[in-house]
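Chemist: Curious how this folds, go ahead:
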Amino acid sequence: MSVVDLGLVRGVEVQGGVVRVRLTFTSLGCPCVELIQEDVRRAVLQLDGVEDVVVEQVFEPWSRQHISPEGLRRLREVGVV
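Modeler: Modelled structure (predicted):
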C-alpha cells in the first residue's frame, strides 16, 4: 500500500533537483513515522534528476476519507476495512 493511496501525502514541490514532500500520518503516535519518511526519501531519490529530498512532517487531520479508491480496494482484500 502506498502512502499516496493511504492519503498521507499532502503536497509535493520540485525546485530544480530538490523535491519537498509533505506527509501527514494517521495519528500523532504513529510508530512508523521515521520508517515511512525514510522509505519516501529513498523512493524519490531513485527518480531521474532528483538530487535531494526533504520530507516535511505536517500535522493535518487524516481520516478514512483520504484513502484512495484503490487503497480502499486493497485494504478490503486483506480484511482491514
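Chemist: Now do the strands in this protein.
Modeler: Counting by DSSP state E, the segments of the chain that form strands are 9-15, 18-23, 52-57.
Chemist: Kindly state the pLDDT recorded for Cys30?
Modeler: pLDDT recorded at Cys30 is 87.
Chemist: can you pull the contacts of it?
Modeler: By C-beta atoms under 8 Å, 6 or more residues apart in numbering, the contact set of Cys30 is Ile36. C-beta here means a position set from N, CA and C on the backbone, and glycine is covered the same way.
Chemist: Kindly recompute the last result at 10 Å.
Modeler: Shown in contact with Cys30 (C-beta atoms under 10 Å, 6 or more residues apart in numbering): Leu8, Thr24, Ile36, Trp62.
Chemist: and what of Thr26?
Modeler: Contacts for Thr26 (C-beta under 10 Å, 6+ apart) come out as Leu6, Gly7, Leu8, Cys32, Trp62, Ser63, Arg64, His66, Ile67.
Chemist: which residues does the nearest residue to Arg41 once chain neighbours are set aside bridge with?
Modeler: Leaving aside its chain neighbours, Arg41 sits nearest to Val53 (4.6 Å; criterion: C-beta to C-beta, 6 or more residues apart in numbering). Under the criterion DSSP bridges, Val53 forms beta bridges with Val19.
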